[in-house]
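Chemist: the amino acid sequence is not available; the structure is as follows:
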């Protein structure tokens, strides 16, 4: 967010900025979703909905699991949320008491730690490395749980900031381990649909007790609509419903109407994914040529997570100078990894293809 603010300030002062810092699709929300929202708005009254979400939307999400993963998920287990962010809040409040220990990957999405700590929970970062393709494994959970009991595990696959993805075998092992140890497993699947060499599998294929968090923000290009969903076990539905009633009443009606229609935009969304795939291929070819070749496997999402330890020990200063001197906005790794982030940065390739090419050109000239 600080990088975005600095980039916006540069632009207000007449400077040119190539935005490769933002974890947001560059493409607009599909037309069919916008048309549905317009029609609903023209219809008049925009009111509350059921706390769990519009029944038709919940049914449509359930069909998504059957169509995409061949997994049967009753609509009764689906909760529509105000983005994945609200999904985390509802999950944590329903599952954990203050003081519970919840494991996350490091590097990882910084809001996990911030939300957990704000709720009085203990965040347990598990450092990943190349030996496991930079993903948390079931054996790591076993070891940490033996050291001090865990009440929860929260993992994202494909991941932000790394782009790495758990294999189906690793995901199965994680689900089975958490079930056996009675650890609540929360699977953040927000980047599903954005994979390039292998499809992602849902945790629901391996465990009926896993909690899945997903969103319409990334694959469906609906960030500003603030709408996502949870899939929770039957025994958690009523608790989550009561929390939703108290914290939000319901998710905005217009966003729910648009989300229900966006499932019909698959051709348009596939074109967007293909543009990311081309950006990914370009960066994988050209970043090594300019000295940024040490990066994590880019299995999915739209990020490259680079090791820049050969260039700096202060990624924040590095990104600041790159923005000020070359007009390229990247994200330093400090928020993603408090221990090692001063030597890493994240590059987003969710923007336009010509911007990606220009960004690399500017970085190449600056790094000479």
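Modeler: That came through, no problem. The model shown is predicted, which means the values in this text are computed figures rather than measured ones.

Chemist: and the residue lying closest to residue 102 once chain neighbours are set aside, bridged to which residues?
Modeler: The shortest distance from residue 102 to any residue other than its chain neighbours is 3.8 Å, reached at residue 152 (Cβ to Cβ, 6 or more residues apart in numbering). Where C-beta positions appear, they are placed from N, C-alpha and C, glycine not excepted. Beta-bridge partners for residue 152, by DSSP bridges, are residue 102, residue 184.

Chemist: for residue 152, what are its contacts?
Modeler: Residue 152 makes contacts with 92, 95, 96, 100, 101, 102, 103, 121, 183, 184, 185, 186, as judged by Cβ atoms under 8 Å, 6 or more residues apart in numbering.

Chemist: before we move on, which element is the first one in?
Modeler: Using DSSP states H and E, residue 92 maps to helix 83-95.

Chemist: what is that helix packed up against?
Modeler: In terms of contacts (3 or more Cβ pairs under 8 Å, 6 or more residues apart in numbering; DSSP states H and E), helix 83-95 is packed against strand 78-81, helix 110-118, strand 152-156, strand 184-188, strand 211-215, strand 228-231, helix 234-247.

Chemist: all strands for the stretch 251-368 of the chain, in order.
Modeler: 303-307, 328-329, 331-332, 344-348 (DSSP state E, counting those that start in this stretch).

Chemist: make JSON lines from those strands and add mean neighbour count, mean pLDDT and distance to residue 15 to it.
Modeler: Shown next, in JSON lines, are the strands of the stretch 251-368 of the chain (neighbours: other Cβ atoms under 10 Å; pLDDT from 0 to 100; distance: least, Cβ to Cβ, whole Å):
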{"stretch": "strand 303-307", "mean neighbour count": "24", "mean pLDDT": "98", "distance to residue 15": "24"}
{"stretch": "strand 328-329", "mean neighbour count": "24", "mean pLDDT": "97", "distance to residue 15": "11"}
{"stretch": "strand 331-332", "mean neighbour count": "26", "mean pLDDT": "96", "distance to residue 15": "18"}
{"stretch": "strand 344-348", "mean neighbour count": "27", "mean pLDDT": "98", "distance to residue 15": "19"}
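
Chemist: reformat the ones you listed as a markdown table; add distance to residue 253.
Modeler: As requested, the strands of the stretch 251-368 of the chain are arranged in a markdown table below (distance: least, Cβ to Cβ, whole Å):
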| stretch | distance to residue 253 |
| --- | --- |
| strand 303-307 | 33 |
| strand 328-329 | 35 |
| strand 331-332 | 34 |
| strand 344-348 | 31 |
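
Chemist: for residue 22, find the nearest of the ones you listed.
Modeler: Among these, strand 344-348 comes nearest to residue 22, with 5.7 Å by Cβ to Cβ.

Chemist: neighbouring contacts of that closest one?
Modeler: The list of residues contacting strand 344-348 from outside it, by Cβ under 8 Å, 6+ apart, reads 19-24, 107, 161, 283, 287, 302-309, 315, 318-319, 330-333, 336-337.

Chemist: of the residues you listed, buried ones?
Modeler: Of all the contacts of strand 344-348 considered here, the ones buried according to neighbour count by 16 or more other Cβ atoms under 10 Å are 19-24, 107, 161, 283, 287, 302-308, 315, 318-319, 330-333, 336-337.

Chemist: check the contacts of residue 152 and tell me the two furthest apart.
Modeler: The largest distance within the contacts of residue 152, taken as Cβ to Cβ, falls between 121 and 185 and amounts to 15.3 Å.

Chemist: those two: which has the busier surroundings?
Modeler: residue 185 (25 against 22; other Cβ atoms under 10 Å).

Chemist: neighbours around residue 231, how many?
Modeler: Using other Cβ under 10 Å as the criterion, residue 231 is surrounded by 26 other residues.

Chemist: what bridges to it?
Modeler: Here residue 231 sits in beta bridges with residue 78, residue 212, as judged by DSSP bridges.

Chemist: so who does it touch?
Modeler: Listed by Cβ under 8 Å, 6+ apart, the contact set of residue 231 reads 65, 73, 77, 78, 79, 204, 211, 212, 214.

Chemist: excluding chain neighbours, what is closest to the fifth one?
Modeler: If I follow you right, that is residue 79. Excluding the flanking residues, the one nearest residue 79 by Cβ to Cβ, 6+ apart is residue 230, at 4.3 Å.

Chemist: would you mind confirming that the one you found is in contact with residue 91?
Modeler: Yes. Residue 230 lies in contact with residue 91 (Cβ atoms under 8 Å); the separation is 6.5 Å.

Chemist: between those two, what contacts are shared?
Modeler: When Cβ under 8 Å, 6+ apart defines a contact, the residues bordering residue 230 and residue 91 alike are 211, 213, 240.

Chemist: of those residues - the most surrounded one?
Modeler: Using other Cβ under 10 Å as the neighbour criterion, residue 211 leads the shared contacts of residue 230 and residue 91 with 27 neighbours.

Chemist: return the residues in contact with that one.
Modeler: Each residue near residue 211 by Cβ under 8 Å, 6+ apart is listed here: 91, 95, 184, 185, 186, 187, 230, 231, 232, 233, 236.
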